[in-house]
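> any chance you can model this:
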Amino acid sequence: MTVDTVDMPNDPRPVLWPRHWDRWLLWGVAFLFDLALVMRLWDLGRHPFPVFDEVYFPNNAKDYLDGKTVFDAHPPLGKYFIVVSILLFGRNETGYRFVTAVFGALIPVLVAGVMYRLTYRRGLALLAGGLVITDGLFLVESRYGLMNQFLVAFGFAAQIFLLAGLERQGWQRFGLLSCSGLMLGAAAAVKWNGLWFAFMFALLGVLVWAVAGYARLFWSLGGIMALLGLLKFTPLLAGVKVLGHPVWWILCLGLVTVAAICQWRPHWWSGYLPSLGILGEIRHLRWWHYALCFVFMPLLIYTVQWIPHLWLNPQAGIPVAHAPWVVFTKNFWQSFKLVHQAVLSVHTGSNLIVTDETPVHPYCSTSLRSLGQIWPALKEPLSKGIWASGAWSWPILGRPVGYFFKADGNTWTDVHGLGNPLLWWFSITAVVAMSVRGIRQFQAVPAYLLIGFAANFLPWLAVSRCIFIYHYLPSAAFAFMVLAFVVYGWLIHPRREWRFLGMSVVGAIILCQIYFLPIWLGLPLESAAFYARMWFRNQVPGLNWI
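Have a look, this model is predicted:
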């Protein structure tokens, strides 16, 4: 599509209305999809099933087909897609992995779509999608029967529907926002951390309402959170652990602070209202948009997707299949409650807490506690609270995951869940730089991308159990988009030096991709070539790629 005016890079989207489809954009995203799909489908059965967590998800899918009892620590939606893939291609590596590869190939297109909806800059959108293709962790996760590609795809599809809905009015707006809500629910129906996309949407609302000066709203929200936090000390809500968590009170304090600024210093933010672009439409949504599109629709798809699972897997002997409607409804909700209690107990089990005595898993992400190797006095305080979270090491590629390894003499075959190092390091540098710049100069697009990054990353800092680097994938996608925004500004800069810098960054990332492809695709390497790609072997505490 083309637009009448676009002011880049300072205000990327004072867009009027698109006039017609941009054929070059369509050819560009088609190329991105085809390239990504070829990389994911090439020699898909090279490594025999199962690889890494394929011991869970495709086997769960086969159990559904065989009518066997299934229990997994995640909701069932992702496994249903693998069921379809098995029905199409059979019980083999292609059947277990094909649908994941397709969803993985869609992610660069969806990332490009979100960026295009935000800026209506074709080159910037294609650059953002192209950076996703150069990443290794997205590639590895797409080539096996795993879940994370479904989650990311649904999360970014939800954003496209949101941005498209904000551009429309009436029933078109309602329909598109409803689709956005369904995609949010689908993300959470793959894994619970898909809820972080809903958290992102909530933070976007906070941003817009704060700029618009809705002080009364923030006073109300802050008061409700404070009241619920106090009720934690009563028998009524004593068992709800989240209400007593420090993060709860930090959010409460943040809402009250925003309310105070909106009421007593409205001029601090009111000048940013025109620069919100299409996001400013959020303040024009009616209450029923929020209730139906972003509460009812996500809950609807999340709840409905449990019906086949509970039909085949009665909880505590409570039948759901072939029951009259009244009995079905009662039994379904009882089973729904029981299965969620079981899943929650898996995620909160004390056996998942990482300590020196209990490493849990060799590829658990490293936390700041590793700094105790340098400064022993810090080991104890860094073993508690948010400092014990493994998420700290994700942006710098602290602890990748080994998915497959086979040695045949001096020839080694390895599949490593390792991101493109230069892409990740450039991206987190861009996130930090853009965050600092945002304090001095507000821009709607960087604010949107930084909120997406923060909403999908910061909640993990409250998790001290064993977590893995693939949980960073949604945040990584936003970090790549921030880098694309920065580099695109360089590429279109009038000065040759900046354009050269932009081309050098893109070129270095592509060369890095080519260098690491053998350990992403699992190609045979001499042992020396393998070690040459393991840049960190615990020489620096917290950085271990082996």
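> for residue 119, give me phi and psi.
With angles defined as degrees, to the nearest 10, residue 119 sits at phi -120, psi -20.
> report pLDDT for it.
pLDDT, residue 119: 93.
> one more: residue 4?
Residue 4 is given a pLDDT of 33.
> check residue 365 too.
At residue 365, the pLDDT value in this model is 84.
> give the contact list for it.
Neighbouring residues of residue 365 by CB atoms under 8 Å, 6 or more residues apart in numbering: 390-391, 393-394, 398-399, 466-469, 471. The C-beta positions use only the backbone N, C-alpha and C, and glycine is treated the same way.
> from residue 354, how far out is it?
For residue 365, the distance to residue 354 equals 9 Å [CB to CB, to the nearest Å].
> between the two, what contacts are shared?
With CB under 8 Å, 6+ apart, residue 365 and residue 354 have common neighbours 390, 466.
> and the contacts of residue 365, which is closest to residue 187?
Looking at the contacts of residue 365 and their distance to residue 187, the nearest is residue 471, at 13.5 Å (CB to CB).
> pull the number of nearby residues for that closest one.
Close neighbours of residue 471, defined as other CB atoms under 10 Å, add up to 22.
> do a quick rundown of the strands in the stretch 201-350 of the chain.
With strands called from DSSP state E, counting those that start in this stretch, the stretch 201-350 of the chain shows none.
> same question, the stretch 351-500 of the chain
So, for the stretch 351-500 of the chain - with DSSP E, counting those that start in this stretch - the strands run 401-408, 411-417.
> show me what the helix or strand encompassing residue 502 packs onto, helices and strands only.
Assigned by DSSP states H and E, residue 502 belongs to helix 496-521. In terms of contacts (3 or more CB pairs under 8 Å, 6 or more residues apart in numbering; DSSP states H and E), helix 496-521 is packed against helix 136-142, strand 411-417, helix 421-440, helix 473-491, strand 524-526, helix 527-533.
> mind putting the strands of the stretch 351-500 of the chain in CSV, distance to residue 179, mean neighbour count and mean pLDDT included?
What follows is the strands of the stretch 351-500 of the chain, written out as CSV (distance: least, CB to CB, whole Å; neighbours: other CB atoms under 10 Å; pLDDT from 0 to 100):
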stretch, distance to residue 179, mean neighbour count, mean pLDDT
strand 401-408, 33, 16, 93
strand 411-417, 32, 20, 95
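> same list (these) but as JSON lines, adding distance to residue 481.
Converted to JSON lines, these look like this (distance: least, CB to CB, whole Å):
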{"stretch": "strand 401-408", "distance to residue 481": "24"}
{"stretch": "strand 411-417", "distance to residue 481": "21"}
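> so residue 527 makes contact with residue 408?
No: contact criterion CB atoms under 8 Å: residue 527 and residue 408 do not qualify, at 10.7 Å.
> follow-up on the earlier one: highest neighbour count among the contacts of residue 365?
For these, neighbours were counted using other CB under 10 Å, and residue 390 has the most, 28 neighbours in all.
> which residues does residue 64 contact?
Residue 64 makes contact with 70, 79-80, 83, 308-309, 312, according to CB under 8 Å, 6+ apart.
> ah, wrong one, I meant residue 513
If you count contacts by CB under 8 Å, 6+ apart, then residue 513 has 134-136, 420, 423 around it.
> looking at those residues, which is nearest residue 435?
residue 423 (18.6 Å).
> neighbours of the closest one, how many?
Neighbours of residue 423 (other CB under 10 Å): 27.
> pretty sure residue 272 contacts residue 211?
Yes: Residue 272 sits in contact with residue 211 when judged by CB under 8 Å, with a separation of 4.9 Å.
> which one of the two is surrounded by more residues?
Set residue 272 next to residue 211 and count neighbours by other CB under 10 Å: residue 211 wins out with 26 against 18.
> confidence score at that one?
On pLDDT, residue 211 comes in at 81.
> where do the helices of the stretch 201-350 of the chain begin and end?
215-231, 246-264, 267-270, 287-288, 297-304, 306-312, 325-347 (DSSP state H, counting those that start in this stretch).
> list the contacts of stretch 286-300.
165, 173-174, 177-178, 180-182, 184-185, 188, 198, 201.
> starting at the chain centroid, how far to that stretch?
With CA atoms, centre = their mean, to the nearest Å as the basis, stretch 286-300 stands 21 Å off its chain's centre.
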